[in-house]
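Asker: just coords:
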């Protein structure tokens, strides 16, 4: 199938099986080697990058649609995924902006159809619900969708200008993530099952964008009884090896719901 | 115009001039005499209460639609209004639930039209963006809309079972409001222009649902330089009269944006 046929097919599918005027976009954060990353897609045959997004099936819960989209793009399931804002400005993504994008990509026929407006598409405009996810970078298989060529991690500090209002989305998702650190534990889906205290601290420092005092961090986090200490990480000499920790899942869930957690 | 004509007219208006499948609902909090109140509407000719809600015009920003709806229900403008969650479960408010409500209210004809499903309405379902507002109770003129008889303040502790998922909306709005107290100043739209320290503390205690230490509260809030001390409240004897305060608007806005405020 040619790309313009794919686009046409997708538009028809949307009109029939998905809610009109509602979409969702995902800011998927991953953590690797002291860098916070975000997953971006590149539109087929272009240098335009954008966030992974999706639509809500006529008979699908909004949250289920977000989990489904996340699964389709990362291969991962049952992850931390949270709404952070719904974007509804008139000019955020209109059929004019799509039309412009489609024209630039050589799909003039479809662009013309959008321009004429055949009723269903004429007033087309999406209010988009933004979700952010925290994933273990090492377990993800980035997967492009029908409209995109490439799905790739970008350092949060090196994100290029994105289509539509997607840069704003990343900014607000990061702000929400930082705020969330002040009342909920974090790290469950961003670190491997077992980790050292300095790896956990490094995660906090990366997200907050500032250094933390080692002793205070240790004291604060141990006070919440959310970590289980395991054996030392096998190194030589073993006396210098750091202890490994894992999260106590039950306690972690409890702290998530209590929203009474402050570290850093 | 008969009520069923009003409903019919409103449905036609919605289909033509507003985004399909997106609505908004408002949890409007007011504060009065140590009680936190919420504004509710009663559906015409019934004992069914619900939150004020609205729709987004085809060419209207989501936030503007929320401000417009707030203005229509309260007469107030330029208030603190904030998104807190978007509700998108399939069964939250379907055309079946509306149909059931309409039948109960004696509008069998319209209910039948919904049941048959004439295409546009058959798959009708709304994803609703929840906003909460904080208003000065004394300045509000509660105003019913076309579908409702009555618009009234209810004590937050005495809210009746509401239509659709509106009780869930109030619960989550209150949770968000309490969380917000931990990083943003509050009170600008809930108190009169000038107020005593004990009135401000009472507001915090009411929202948090627990008593606060008077000295700590005073010390914490004065540290933010957000209050301007005015003359004493005129009473006799004047030596015992409490000082009045007002918010420094500029500093208040600054603290709102910094999200680095913690009192209580």
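Answerer: All right, it came through fine. Keep in mind that this is a model prediction, so the values were computed, not measured.
Asker: please make it C-alpha for all contacts and neighbour counts, starting now.
Answerer: Noted.
Asker: quick one: what helix or strand has residue A:37 in it?
Answerer: Assessed by DSSP states H and E, residue A:37 sits inside strand A:35-43.
Asker: show me what that strand is packed against.
Answerer: Strand A:35-43 is packed against strand A:18-32, strand A:49-50, strand A:148-155, helix A:197-208, with contacts defined by 3 or more CA pairs under 8 Å, 6 or more residues apart in numbering or on different chains; DSSP states H and E.
Asker: how about these, which one is nearest chain B?
Answerer: The closest of these to chain B is strand A:18-32. By CA to the nearest CA, the value is 6.4 Å.
Asker: taking the centroid of chain A, which residue is nearest it?
Answerer: residue A:28 (1.7 Å; CA atoms, centre = their mean).
Asker: tell me, please, the helix or strand in chain A that averages the lowest pLDDT.
Answerer: helix A:108-116 (a mean of 64; mean pLDDT, DSSP states H and E).
Asker: please identify the buried residues of whichever strand or helix holds residue A:70?
Answerer: Assigning secondary structure by DSSP H and E places residue A:70 in helix A:62-74. Using 16 or more other CA atoms under 10 Å in any protein chain shown as the test for burial, helix A:62-74 gives A:62-63, A:65-74.
Asker: which single one of those residues is nearest to chain B?
Answerer: Checking the buried residues of helix A:62-74 one by one against chain B (CA to the nearest CA), the nearest turns out to be residue A:62, at 4.7 Å.
Asker: got the contact list for the helix holding residue A:70?
Answerer: Helix A:62-74 is contacted from outside by A:24, A:26, A:52-57, A:76-78, A:81, A:131, A:140-145, B:87-90, B:127, using CA atoms under 8 Å, 6 or more residues apart in numbering or on different chains.
Asker: can you check stretch A:196-210 too?
Answerer: Counting contacts by CA under 8 Å, 6+ apart, the residues touching stretch A:196-210 from outside are A:31, A:34-36, A:174, A:177-178, A:187, A:191, A:211-212, A:214, A:217-218, A:242-245, A:264.
Asker: compute the inter-axis angle for the strand holding residue A:37 and strand A:18-32.
Answerer: 140 degrees (axes from the mean of the first three to the mean of the last three CA atoms, to 10 degrees).
Asker: show the average pLDDT along strand A:35-43.
Answerer: The average pLDDT for strand A:35-43 rounds to 92.
Asker: centre of the chain to stretch A:45-60, how far?
Answerer: Relative to its chain's centre, stretch A:45-60 lies at 12 Å (CA atoms, centre = their mean, to the nearest Å).
Asker: just to revisit the earlier point, against residue A:237, how distant is the residue nearest to the centre of chain A?
Answerer: 38 Å (CA to CA, to the nearest Å).
Asker: check residue A:246 too.
Answerer: Computed as CA to CA, the residue A:246 to residue A:237 distance reads 23 Å.
Asker: who has more neighbours out of those two?
Answerer: residue A:246 (18 against 7; other CA atoms under 10 Å in any protein chain shown).
Asker: is it true that the more buried one touches residue A:195?
Answerer: Yes: using CA atoms under 8 Å, residue A:246 is in contact with residue A:195, at 6.5 Å.
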